[in-house]
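1. Sequence and predicted structure, then a few things I'm wondering about:
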There are 2 protein chains.
Amino acid sequence: MAYDSLLDVAIGQFGERGFDGASTRAIAAEAGTVMSSITYRYGSKEGLYLACADHIAAQLGGHLEPALDRVDPQGPLDASDAVEAVAGLVETISRMMLIPDVEPWAQFIIREQQRPGPAFERLYASIMRRVTETVVRLVRSARPSLDESQARATSITLYGQALVLRAAHAAVLRTMGTERLSEAQQELLIQTIRANVYAILKGEPQS
Amino acid sequence: MAYDSLLDVAIGQFGERGFDGASTRAIAAEAGTVMSSITYRYGSKEGLYLACADHIAAQLGGHLEPALDRVDPQGPLDASDAVEAVAGLVETISRMMLIPDVEPWAQFIIREQQRPGPAFERLYASIMRRVTETVVRLVRSARPSLDESQARATSITLYGQALVLRAAHAAVLRTMGTERLSEAQQELLIQTIRANVYAILKGEPQS
DNA sequence: GTCTATACTACGATAGAC
DNA sequence: GTCTATCGTAGTATAGAC
């Protein structure tokens, strides 16, 4: 149990303070053990960091893979079914961004995106790639008039609407005029995003 | 000149490595001076950090205030003019996100958003607030059927489409299948965002 | 005003007790 | 396996030379 506790604490610390800023001593102390446990279990501070990335990827998978499985194995889709599928996926991602538990993961990933290293590689290969490629494929089904690049650009903007809830969390709170998002405010944001997905994917007559 | 150089270097280092990870010695050395200059000029490492926030706010203002001035003093707007104004503002913000010079500022701000402190306070008060409030006001003109909360939620999602270009830069590059965004790819992303703004703000008949 | 020298603290890693 | 003790390095801050 000390095992998982060490990882969870480390994700929080790395996310909050960055790789250099986080202290192995502080991580170990918060997890109720001593610094040399980290060396013993993970070899080094960097080993712990990579183990955090793998742990996050597994947790993200747990949240997203059920939704991905629901749309992934299917063949070519009817356009309006594809719109529905994208809206559902983006909603799932948006809801995830609002779960308190994912806050440390999100901070870790956002940090890692700014200067991607081996940890980002693992995250991308294990879960992010599947999410983006699935959305791109669905967007192409929803709007066949888009070419591959246009569908990829559109997918990025759809993702951005969910991402902003975490990446600019402080600004979101101020814009909504609160210190904590109420249930109703969260639902309003999610339904707004969902409506935008429909507007974006249906906004142009399909050829 | 050593003055500004110290700030620019510090913004890059703080953005990249975080407050704790950045070293005053390294910052001073990269700026061609010694660590004690920082103590002398800014009092402490934290004083330097706050000075960085003010410097960034001033630079952001230089990029955004001309566009804000263009739409701000006007009274109630025709809905389609308001849509046009929002599209122009979001485009300005999106283009800013893609300028190489703003990368260090963006990293600094994103970091600060994850655990906002006094530096975020300064950034928000001096420039971010004006941007968000202006967009909210324009969105309400563009879609009078939205109430205040809905307009705020919509504004957040519009901002998210620009933010993702920086906050998830590594994922954007992979999704677009490149290691650096070409001019054409940048333009594609911006035009996609612009089209989305139109789709979102015109997507519903106005009451 | 800018630098050198230094005080003090905390870091990651390792060796060895148990 | 888990802890204590310790090494070498690097951090911020300060005092004082020039």
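-> Happy to help now that I have it. Numbers count the residues shown, from 1 in each chain, chains lettered A, B, ... in the order given.
2. From now on I want contacts and neighbour counts done on CA atoms only, so please keep to that.
-> Noted.
3. and A:E30, how many neighbours?
-> 15 (other Cα atoms under 10 Å in any protein chain shown).
4. brain fart, A:Q74
-> Residues near A:Q74, counting by other Cα under 10 Å: 8.
5. Contact partners for it?
-> Contacts for A:Q74 (Cα atoms under 8 Å, 6 or more residues apart in numbering or on different chains) come out as none.
6. From A:A125, how far out is it?
-> Computed as Cα to Cα, to the nearest Å, the A:Q74 to A:A125 distance reads 22 Å.
7. what does A:D78 give?
-> For A:D78, the distance to A:A125 (Cα to Cα) stands at 29 Å.
8. backbone phi and psi for A:R115, please?
-> With angles defined as degrees, to the nearest 10, A:R115 sits at phi -140, psi 80.
9. For A:P116, which phi and psi angles does the backbone take?
-> According to degrees, to the nearest 10, A:P116 has phi -60, psi 130.
10. Which residues are in contact with it?
-> So A:P116 contacts B:A170 (Cα under 8 Å, 6+ apart).
11. Can you give me the pLDDT of it?
-> At A:P116, the model reports a pLDDT of 94.
12. Same question for A:S207.
-> You'll see A:S207 listed with a pLDDT of 39.
13. Kindly report the same for A:V197.
-> 98.
14. Count the residues that sit near it.
-> Count around A:V197 with other Cα under 10 Å applied: 27.
15. In space, what's closest to it - neighbours in sequence excluded?
-> With sequence-adjacent residues excluded and distances taken as Cα to Cα, 6 or more residues apart in numbering or on different chains, A:V197 is closest to A:A87, at 6.0 Å.
16. Point me to the helix or strand that includes the one you found.
-> Element membership for A:A87, per DSSP states H and E: helix A:79-98.
17. Extract the CA atoms of that helix and return them as CSV.
-> What follows is helix A:79-98, C-alpha atoms only, in CSV (Å, rounded to 0.1, in the frame of the first residue of the first chain):
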residue,chain,number,x,y,z
ALA,A,79,-23.0,11.2,-40.2
SER,A,80,-25.5,12.0,-37.4
ASP,A,81,-24.4,8.9,-35.4
ALA,A,82,-20.9,10.2,-35.7
VAL,A,83,-21.8,13.6,-34.4
GLU,A,84,-23.5,11.9,-31.5
ALA,A,85,-20.5,9.8,-30.8
VAL,A,86,-18.1,12.8,-30.9
ALA,A,87,-20.4,14.7,-28.6
GLY,A,88,-20.4,11.8,-26.2
LEU,A,89,-16.7,11.4,-26.2
VAL,A,90,-16.0,15.1,-25.7
GLU,A,91,-18.6,15.1,-22.9
THR,A,92,-16.8,12.2,-21.2
ILE,A,93,-13.5,14.1,-21.5
SER,A,94,-15.0,17.3,-20.2
ARG,A,95,-16.5,15.5,-17.2
MET,A,96,-13.2,14.0,-16.5
MET,A,97,-11.6,17.4,-16.5
LEU,A,98,-14.0,18.5,-13.7
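18. what about the helix or strand harbouring A:Q13, near chain B?
-> In this assignment (DSSP H and E), A:Q13 forms part of helix A:2-21. Yes. Against chain B, helix A:2-21 shows contacts by Cα under 8 Å from any Cα of the partner chain at A:E16, A:R17, A:G18, A:F19, A:D20, A:G21.
19. Could I have the buried ones of those residues as ChimeraX selection syntax?
-> The buried residues among the residues of helix A:2-21 next to chain B can be selected in ChimeraX (16 or more other Cα atoms under 10 Å in any protein chain shown) with this line:
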select /A:16,17,18,19,21
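20. now, which of the residues of helix A:2-21 next to chain B lie close to DNA strand D?
-> Taking Cα under 7 Å from any atom of the strand as the test, DNA strand D is in contact with none of the residues of helix A:2-21 next to chain B.
21. As CSV, the residues of helix A:2-21 next to chain B with pLDDT would be great.
-> Output for these, formatted as CSV (pLDDT from 0 to 100):
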residue, pLDDT
A:E16, 89
A:R17, 90
A:G18, 91
A:F19, 93
A:D20, 90
A:G21, 89
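22. Farthest-apart pair in the residues of helix A:2-21 next to chain B, please.
-> Spatially, the most separated pair among the residues of helix A:2-21 next to chain B is A:E16 and A:D20, at 10.9 Å (Cα to Cα).
23. secondary structure class for A:S145?
-> Counting by DSSP: H, G, I helix; E, B strand; the rest coil, the backbone at A:S145 sits in coil.
24. How about the contacts made by A:D81?
-> A:A142.
25. Tell me which stretches of chain A form helices.
-> Using DSSP state H, the helices of chain A run over A:2-21, A:24-30, A:36-42, A:45-71, A:79-98, A:103-114, A:118-123, A:129-142, A:148-167, A:169-176, A:183-202.
26. and of those, who's closest to B:L188?
-> Nearest to B:L188 among the helices of chain A is helix A:148-167; the distance by Cα to Cα comes to 7.1 Å.
27. helices and strands around that closest one, which ones?
-> Applying 3 or more Cα pairs under 8 Å, 6 or more residues apart in numbering or on different chains; DSSP states H and E, one finds that helix A:148-167 contacts helix A:79-98, helix A:103-114, helix A:129-142, helix A:183-202, helix B:103-114, helix B:148-167, helix B:169-176, helix B:183-202.
28. Helix A:148-167 and the last one, what's the angle between them?
-> In this case it means helix B:183-202. Angle, helix B:183-202 to helix A:148-167, by axes from the mean of the first three to the mean of the last three Cα atoms, to 10 degrees: 70 degrees.
29. again with the fifth one
-> Using the same axes, to 10 degrees, the direction of helix B:103-114 lies 40 degrees away from that of helix A:148-167.
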